[in-house]
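Peer 1: Got a predicted structure plus its sequence, pasted below:
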Amino acid sequence: MTKTFKDDFWWGAATSGPQSEGRFNKKHANMFDHWYEIEPEDFYDQVGPDVTSNFYNSFKEDIALMKEIGLNSVRTSIQWTRLIDDFETGTVNEDAVRFYNEVIDEFIAAGIRPVMNLHHFDLPVELYHKYGGWESKHVVDLYVKFAEKCFELFGDRVKDWFTHNEPIVVVEGEYLHQFHYPKIVDGKKAVQVAYNLNLASAKAIQSFRRLGLQNEGGKIGIILNLTPTYPRSESAEDLAAANIAELFNNRMFLDTAVHGEFPEELVALLEKDGVLWESTSEELALIKENTIDVLGVNFYHPNRVKAPDVAPNSVGAWLPNRYFDEYNMPGRRMNIDRGWEIYPKALYDIAINIRDNYNNIPWFVSENGMGISGEERFMDEAGVVQDDYRIDFIREHLEWVHQGIEEGSNCFGYHLWTPIDCWSWANAYKNRYGFISTNIHTQIKTIKKSGHWFKTVAETNKLESN
């Protein structure tokens, strides 16, 4: 059966500056650069961010490969630590301006739409050590200075901007679950960071509009990793747990971005527990007035929860997951290499939720992907990875996206994570996600079977179902 997508559908892939460029000619360290310097043993095979996939040096060849597999749009990010010389004054680094100008021009020359994100977990580490990073509203204002420089320098050609990628991961990784530096466990700080990230996004949007980029066809949004919450059962206890998980994991950013307000139920809960963020009426008004034009949705796996085994009113340090426990559903399909459940229908559920509860805002799948370890197992004699598992994964997800579109959801694109195998934070190169493989020792890059398959989909706007 053939499923047809509209002619201007975005067929693309996503990466980020810190995961692809390498640290060449970069004056400042971000949180991950610093973490690798002090604890290289925390990174898989002790592979760090110094080279990654060498995009700083090989972007012309890399973009040519992206064109060869039919991509018409690619998302990456501009690194705060590369572009800005002095964080307080916002002066720019001339080599970085040259580099990003050349990258943008190369994408456009190849017929690929450059989609730019401003923050992909890569806060300058000195702003953390000096001010507490996203705990500080001064850092919020420094981020806005950086954003304004990006708009001024590149807004004549880049029309699609995003303020943050997966801001809830900053909250969880740095302040709750210790999988990102500085590996703090502090629920109250986590809540304040979540608020400040929302405020930073709204302030950047305000600057974007003050500069008039929307009058030149520019749009600005946010990239959220939406993990739909599914309760273990229809019991009142499981439904209550799922509701709170949804409020914290998804709606704390989604409601604010689209509707300009935090969910009242979440605010009441945080206030009751004595951990509500510090805010002002002026800030809340600014958030209300500066909502997004467009939404990016990263989706990898569902979030299944159950009522917590321990009573939520137990004594001890406050963390949001006192209200819900993870639930591992028996019989679930898994990507065992990555430890994630495979549940493509969730993308349909996201599509309908956006249609019904979020003004049917224009949105696209900004990340979706299949990370496999030891992918050389699937390499043929010619050196091509025969990744049929990735083709099947993409096809299944696209089928559900198409169903959502057919039922009126305003989805305009699909981006795989990632075009070229990239460095995945502490996982380094353990799991490979790309359409194009990278030999990290030689930097030789080879199109996988999935890349050739995707080219046909992108060029025809047609998906052939099994």
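Peer 2: All right, it came through fine. On a predicted model such as this, the values are computed, not experimentally measured, just so you know. Residues are numbered from 1 along each chain as shown.

Peer 1: Buried residues, stretch 446-464. List them.
Peer 2: Going by neighbour count (16 or more other Cβ atoms under 10 Å), the buried part of stretch 446-464 is 446, 447, 448, 449, 450, 451, 453, 454, 455, 457, 458, 463. Glycine gets a C-beta too; all of them are placed from N, C-alpha and C.

Peer 1: I'd like the distance from it to the chain centre, please.
Peer 2: Mean-position distance between stretch 446-464 and its chain equals 23 Å (Cα atoms, centre = their mean, to the nearest Å).

Peer 1: And the strands in the stretch 101-250 of the chain, which stretches?
Peer 2: Using DSSP state E, counting those that start in this stretch, the strands of the stretch 101-250 of the chain run over 113-117, 160-165, 219-225, 229-231.

Peer 1: now the angle from the longest one to strand 113-117?
Peer 2: With axes from the mean of the first three to the mean of the last three Cα atoms, to 10 degrees as the criterion, the two stretches strand 219-225 and strand 113-117 enclose an angle of 70 degrees.

Peer 1: want to throw the strands of the stretch 101-250 of the chain into a markdown table with mean pLDDT and mean neighbour count?
Peer 2: Conversion of the strands of the stretch 101-250 of the chain to a markdown table gives the following (pLDDT from 0 to 100; neighbours: other Cβ atoms under 10 Å):
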| stretch | mean pLDDT | mean neighbour count |
| --- | --- | --- |
| strand 113-117 | 98 | 23 |
| strand 160-165 | 98 | 25 |
| strand 219-225 | 98 | 24 |
| strand 229-231 | 98 | 20 |
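
Peer 1: related to what we said a few turns ago, which ones among the buried residues of stretch 446-464 are found in strands?
Peer 2: 446, 447, 463 (DSSP state E).

Peer 1: circling back to that earlier point, I'd like the strands of the stretch 101-250 of the chain as CSV, with distance to residue 375 appended.
Peer 2: Below are those laid out as CSV (distance: least, Cβ to Cβ, whole Å):
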stretch, distance to residue 375
strand 113-117, 26
strand 160-165, 24
strand 219-225, 23
strand 229-231, 30
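
Peer 1: which residues of the stretch 251-400 of the chain fall in helices?
Peer 2: 252-259, 264-272, 281-289, 345-357, 388-406 (DSSP state H, counting those that start in this stretch).

Peer 1: hey, which of those helices is tucked in deepest?
Peer 2: Most buried of the helices of the stretch 251-400 of the chain, by mean neighbour count (mean count of other Cβ atoms under 10 Å): helix 252-259, with a mean of 23.

Peer 1: For that one, name the packing helices and strands.
Peer 2: Contacts defined by 3 or more Cβ pairs under 8 Å, 6 or more residues apart in numbering; DSSP states H and E place helix 252-259 against helix 167-175, helix 187-210, strand 219-225, strand 294-298.

Peer 1: Am I right that residue 207 is in contact with residue 144?
Peer 2: Yes: counting by Cβ atoms under 8 Å, residue 207 touches residue 144, with 5.8 Å between them.

Peer 1: If you count surrounding residues, which of these two has more?
Peer 2: residue 144 (22 against 19; other Cβ atoms under 10 Å).

Peer 1: List the contacts of the more buried one.
Peer 2: Contacts for residue 144 (Cβ atoms under 8 Å, 6 or more residues apart in numbering) come out as 200, 203, 204, 207.
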